[in-house]
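Using only what follows, build the 3D model:
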Amino acid sequence: MDNNSEAMNGKRKSLHEFVVEDINGDSFDLSNLKGKKVMVVNTASKCGLTPQYEELEALYKKYGSEKFTIIAFPSNDFMGQEPGSDQDILTFCKKNYGVTFPIMSKVKVKGRSKCEVYEFLTSQSLNGLEDSDVKWNFQKYLIDENGFLEKVISPRVSPTDPEIIAWLTK
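Reported below is the predicted structural model:
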């Protein structure tokens, strides 16, 4: 049986199977997010879309609770727009946007050395939904309460877009 068949027969992976490193260097077990909807977003500090941090924080403040969270994965994969260290990124996000949602350690989101979470998010054989490429900073992956990928949202779409709000509130 190939991976695609396994994914389609209920053996697809879940976001909850991964443990990642947060921006402070601590382990962040994504299984702790069971029962919550999750928006996974790759971020950058020097991008034209960086002001989306403000919208992400507003979304998190409004809906972030026992039922929803945002997980940011800083990445320097697009035109070197996230050149800083984890500490630089954390300072930037808190000082400029008051970010309180979880931020992970900087990762690769494309190419041969992409991190495991982004392998899962971008590969139908793992996520059971679709293949996708991370097109730019601030691409959004919407994950259901069971850790399964439900939707991929373009980087240019605002985090507060009606489509995202509808997903959050359904």
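
Tell me where this protein has strands.
Secondary structure of the chain by DSSP state E: the strands cover 19-21, 27-29, 37-43, 68-74, 140-143, 149-153.

Starting from the third one, tell me which strands it pairs with and how they run.
Paired strands of strand 37-43, with direction, are strand 68-74 (parallel), strand 140-143 (antiparallel) (DSSP bridges).

Relative to Ile153, how far out is Cys93?
20 Å (C-beta to C-beta, to the nearest Å). Every C-beta, even on glycine, is put in place using the N, C-alpha and C of the backbone.

out of these two, which sits in the busier spot?
The residue with more neighbours, out of Cys93 and Ile153, is Cys93; 23 against 19, by other C-beta atoms under 10 Å.

Please tell me I have it right and Val117 contacts Val20.
Yes. Contact status for Val117 versus Val20: in contact at 6.1 Å, counting by C-beta atoms under 8 Å.

Are there residues contacting both of the two? Which ones?
Residues touching both Val117 and Val20 (C-beta atoms under 8 Å, 6 or more residues apart in numbering): Leu30, Val107.

who's more crowded, those two?
Val117 (21 against 18).

So for the residue most central in space within the chain, what's the pLDDT?
By C-alpha atoms, centre = their mean, the chain has its centre lying nearest to Val40, at 1.6 Å. Val40 carries a pLDDT value of 98.

Now do the same contact list for the residue lying closest to Lys114 once chain neighbours are set aside.
In this structure, Lys114 finds its nearest non-sequential neighbour in Lys108, 4.8 Å apart by C-beta to C-beta, 6 or more residues apart in numbering. Each residue near Lys108 by C-beta under 8 Å, 6+ apart is listed here: Ser75, Asp77, Lys114, Cys115, Tyr118.
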